[in-house]
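>>> got a predicted structure here, sequence first:
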Amino acid sequence: MTAPLVAILDDEPEIRTMLADALDEAGFRTVSFGRATEFEASLNTTVPDVCLVDLSLPDRDGLSLVHRLALEKGAIVIIISGRAQVRDRVTGLELGADDYIIKPFDPTEVVARIRARLRRDVATPSGQDQAHFAGWVARFDRFVLEREDGSETAFSHAEGEVLRLFLERPKRLITRQSMLETLGGSAGDSFDRAMDVRISRLRTKLCEDPKNPKLIKTIYGAGYIFLADVTWS
């Protein structure tokens with residue numbers, strides 16, 4: 001099996017080298033870039049499994065890349081940044097990032113978080129990449145929701161993690177705590193707001209009435225319940 005490919009996008013050569021050395025030693029393949037334009041050009045031929053994205057780049061703000069990577073490419077996106085403000089963390093997670101690591105950091109922590117994300121990606125048995133429910137098909141191999149008429153709507157990797165959690169536990173209460181434990185992250189306002197945004201976007205993509213959703217039901221003070229029957233194929 002080919003080792004996962006991790007792209008490192010950071011304008012500091014020392015950080016690129018430190019991360020590449022740690023990831024190479026852990027058995028990953030790596031490719032590094034110092035500018036966003038170089039990184040984006042590479043996406044035309046190769047899409048990494050994981051993207052480590054610095055926000056402060058010399059040619060553009062890294063946040064502008066996050067949503068494209070998450071939604072268009074279906075890659076796992078982990079922001080690595082010196083911006084420690086809650087606003088930046090929330091914005092990054094809302095745009096579709098899977099995780100946010102603040103500089104300075106221990107490279108072994110980065111390796112551990114990447115492994116945790118990849119483990120969650122293979123948690124569903126082989127061949128079980130499509131979930132059928134209420135006239136919809138969620139295709140996790142392509143990160144799209146397909147309607148009965150064949151039209152498709154893309155969802156990000158981060159949105160897919162939340163959707164998969166609901167589809168794997170239909171008609172069961174899913175608490176905020178269980179979401180935190182399953183999806184990972186740090187408890188607090190940034191995690192809660194990120195979950196609220198991802199669930200709101202999923203409801204929109206599933207054509208839910210925001211005032212009376214039929215699929216993803218909020219149980220106030222407790223959590224959420226996904227109400228449809230689900231079959232996997």
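Cool, got the structure.
>>> could you use CA atoms for every contact and neighbour count after this?
Fine.
>>> give me the helices and strands touching the helix or strand bottoming out on mean pLDDT in the chain, please.
When each helix and strand of the chain is scored by mean pLDDT, DSSP states H and E, helix 86-94 comes last, with a mean of 76. Packing partners of helix 86-94 (3 or more Cα pairs under 8 Å, 6 or more residues apart in numbering; DSSP states H and E): strand 99-102, helix 189-205.
>>> list the buried residues in the longest one.
This points to helix 189-205. Ser190, Phe191, Ala194, Met195, Val197, Arg198, Ile199, Ser200, Arg201, Leu202, Arg203 (16 or more other Cα atoms under 10 Å).
>>> looking at the helices and strands packed on helix 86-94, which is nearest to Phe33?
strand 99-102 (18.3 Å; Cα to Cα).
>>> show me what the closest one is packed against.
Using 3+ Cα pairs under 8 Å, 6+ apart: strand 99-102 touches strand 76-81, helix 86-94.
>>> try it again at 7 Å.
Where contact means 3 or more Cα pairs under 7 Å, 6 or more residues apart in numbering; DSSP states H and E, strand 99-102 is packed against strand 76-81.
>>> how about residues contacting the strand it packs on?
With contact meaning Cα atoms under 7 Å, 6 or more residues apart in numbering, strand 76-81 is reached by 49-55, 66, 70, 97-103, 157.
>>> give me the buried entries from the residues you listed.
Applying 16+ other Cα under 10 Å to the contacts of strand 76-81 flags 49-55, 66, 70, 97-101, 157 as buried.
>>> give me the most central residue, the chain.
Centroid-nearest residue in the chain: Ala158, 2.7 Å away (criterion: Cα atoms, centre = their mean).
>>> ok, now which ones touch it?
So Ala158 contacts Gly96, Ala97, Asp98 (Cα under 7 Å, 6+ apart).
>>> residues in contact with the second one?
Put plainly, it is Ala97. Contacts of Ala97 (Cα under 7 Å, 6+ apart): Val66, Ala70, Val77, Ile78, Ile79, Ala158.
>>> with pLDDT added, can I get these in CSV?
Converted to CSV, those look like this (pLDDT from 0 to 100):
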residue, pLDDT
Val66, 83
Ala70, 70
Val77, 88
Ile78, 91
Ile79, 90
Ala158, 81
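>>> quick check: the gap between the residue sitting furthest away from the middle of the chain and Asp49.
Distance from the C-alpha centroid of the chain, by Cα atoms, centre = their mean, peaks at Asp149 (27.3 Å). As judged by Cα to Cα, to the nearest Å, Asp149 and Asp49 stand 31 Å apart.
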